[in-house]
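A.B. asks: need a structure here:
(one chain, ligands or ions: 1)
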Amino acid sequence: MTSKAKRLTVSGKSYSCEPNETVLDALLRQKVPVPYACRQQICKSCIMRSLNAPPPLEAQKTLRESLKSKNYFLACACIPERDMELALPESLSIQVTAQVNSIDYLNEDIIAILLQCASQVNYTAGQSIMLMNHDNIGKNYYITSPTSLKESGLIEVHIPLVKDGYFSEWVKSELKEGDTVSISCPIGQSFYVPSDMSQPLLLIGFDLGLSPLIGIMQDALENGHTAPIYLFHSVHKKSQLYLADDLREITEYHPNFHYVPCIENEPIVDKGFYQGQAHKVALKMFPDLTEWRAFICGQSEIVKISQKEIYLAGVTTTRYLCLR
Ligand code: FES
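C.D. replies: Numbers count the residues shown, from 1 in each chain. Model prediction:
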């Protein structure tokens, strides 16, 4: 327990950190755009560096030794023991302006935004960017466009409309086609690598967790992945499914791609839908996942649970992406 407020200094500016407040919460409270997702030391998106002293050990416990020795730490787990001088990820200092090309509602809770970047951004589907408005308030979103789209300077993100979420409210009520925003450099290591084309791919998405998996799936297909690619997507109610028709259409052109929409809390009346959480349906269909490569995306709790279950079924490699 720390009983006194601490000072955080970032790029010469000073911010307060209340007793028992994490560095992440303190910076977000004072409108400093910092990427984050899981808040559980899983995704590592909130990594930053202490410049004046070693950070608390608790905030480093899931990092590699090489990062620990350079005083890197995870802001979501760091309750400062002293005043700290911080360096935010380099990716945040490099910003590119982008014009809003189109805004589309995928369902009543999710908005797809296509951005035309002023200069090419070197991204890979599955990474995330910080999207910022003119007040420098921003939020982290996964890239949903396939990597090939970067050649034309385009990048797509899906934004969930969160109740009382300042940024999504701003997007919904103020952002228009033709407006300009800023984006940070992409970060993240959970993307498709064209290594073993004969290894089956398992993509498991919960709710908005479908979005980055679409780009990852497209990357696999565009790279000529020959093994089966199964995309399981579960939502609570059927009305929450999105892009289902587009995904079904892709299965017509790519016989090795399979789309499995799953409904958790409603009875199944239509053919082609499955009952239950995405990972449970996947495990029922494929109890032995030895040799499979998996990507899981959703809220951190369900990602953790499903990761464990598919690991026990024999999956060799898992990449996970956490939503917040
Ligand atoms: S590790 Fe800090 S937000 Fe995920």
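A.B. asks: and the closest residue to Ile302 other than its chain neighbours, what does it touch?
C.D. replies: Distances taken as Cβ to Cβ, 6 or more residues apart in numbering place Phe206 nearest to Ile302, at 5.1 Å, with adjacent residues excluded. (Each C-beta comes from the backbone N, C-alpha and C, glycine too.) Applying Cβ atoms under 8 Å, 6 or more residues apart in numbering, one finds that Phe206 lies in contact with His233, Ser234, Val235, Gln277, Ala278, Cys297, Gly298, Gln299, Ile302, Val303, Ser306.
A.B. asks: One more: Lys163?
C.D. replies: Listed by Cβ under 8 Å, 6+ apart, the contact set of Lys163 is empty.
A.B. asks: And it, how far from the ligand?
C.D. replies: 21 Å (Cβ to the nearest ligand atom, to the nearest Å).
A.B. asks: what does Gln41 give?
C.D. replies: Gln41 is 5 Å from the ligand, by Cβ to the nearest ligand atom.
A.B. asks: That residue reaches Phe73, doesn't it?
C.D. replies: No - using Cβ atoms under 8 Å, Gln41 is not in contact with Phe73, being 10.0 Å away.
A.B. asks: Low-confidence stretches in the stretch 1-150 of the chain?
C.D. replies: Across the stretch 1-150 of the chain, the ranges flagged by pLDDT under 70 are 1-2, 90-94, 136.
A.B. asks: For the residue in the stretch 151-300 of the chain positioned nearest to the ligand, which residues are in contact?
C.D. replies: Nearest residue of the stretch 151-300 of the chain to the ligand, counting by Cβ to the nearest ligand atom: Ser300, 7.5 Å away. Under the criterion of Cβ under 8 Å, 6+ apart, the neighbours of Ser300 are Ala37, Cys38, Arg39, Gln40, Ile42, Cys43, Cys322, Leu323, Arg324.
A.B. asks: how close does the closest residue to the third one other than its chain neighbours get to the ligand?
C.D. replies: For Arg39, the nearest residue in space outside its immediate sequence neighbours is Cys76; the separation is 4.5 Å by Cβ to Cβ, 6+ apart. The spacing between Cys76 and the ligand, counted by Cβ to the nearest ligand atom, is 3 Å.
A.B. asks: and the chain, what are its domains?
C.D. replies: 6-88, 92-184, 201-323 (automatic domain parsing).
A.B. asks: With distance to Tyr192 as extra columns, can I get those in TSV?
C.D. replies: Output for the domains of the chain, formatted as TSV (distance: least, Cβ to Cβ, whole Å):
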stretch	distance to Tyr192
domain 6-88	18
domain 92-184	7
domain 201-323	4
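A.B. asks: Figure out which of those is closest to Pro194.
C.D. replies: Pro194 lies closest, by Cβ to Cβ, to one member of the domains of the chain: domain 201-323, at 4.1 Å.
A.B. asks: Show the end-to-end separation of the closest one, please.
C.D. replies: Length of domain 201-323, first residue to last, Cα to Cα, to the nearest Å: 21 Å.
A.B. asks: same check, this time on stretch 190-208
C.D. replies: Stretch 190-208 has its terminal residues 16 Å apart, counting by Cα to Cα.
A.B. asks: quick one, strands of the stretch 101-250 of the chain?
C.D. replies: For the stretch 101-250 of the chain, applying DSSP state E, counting those that start in this stretch gives strands covering 110-117, 128-132, 138-142, 154-160, 180-184, 201-206, 229-235.
A.B. asks: Output those in JSON lines; the columns should cover distance to Gln218.
C.D. replies: Below are the strands of the stretch 101-250 of the chain laid out as JSON lines (distance: least, Cβ to Cβ, whole Å):
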{"stretch": "strand 110-117", "distance to Gln218": "14"}
{"stretch": "strand 128-132", "distance to Gln218": "17"}
{"stretch": "strand 138-142", "distance to Gln218": "14"}
{"stretch": "strand 154-160", "distance to Gln218": "11"}
{"stretch": "strand 180-184", "distance to Gln218": "20"}
{"stretch": "strand 201-206", "distance to Gln218": "11"}
{"stretch": "strand 229-235", "distance to Gln218": "10"}
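A.B. asks: To Pro261, which of these lies closest?
C.D. replies: Of all the strands of the stretch 101-250 of the chain, strand 229-235 sits nearest to Pro261, with 5.7 Å by Cβ to Cβ.
A.B. asks: packing partners for the closest one?
C.D. replies: With contacts taken as 3 or more Cβ pairs under 8 Å, 6 or more residues apart in numbering; DSSP states H and E, strand 229-235 sits against strand 201-206, helix 210-222, strand 257-263, helix 278-285.
A.B. asks: returning to that earlier point: please check the contacts of Phe206 and keep the buried ones.
C.D. replies: His233, Ser234, Val235, Gln277, Ala278, Cys297, Gly298, Gln299, Ile302, Val303, Ser306 (16 or more other Cβ atoms under 10 Å).
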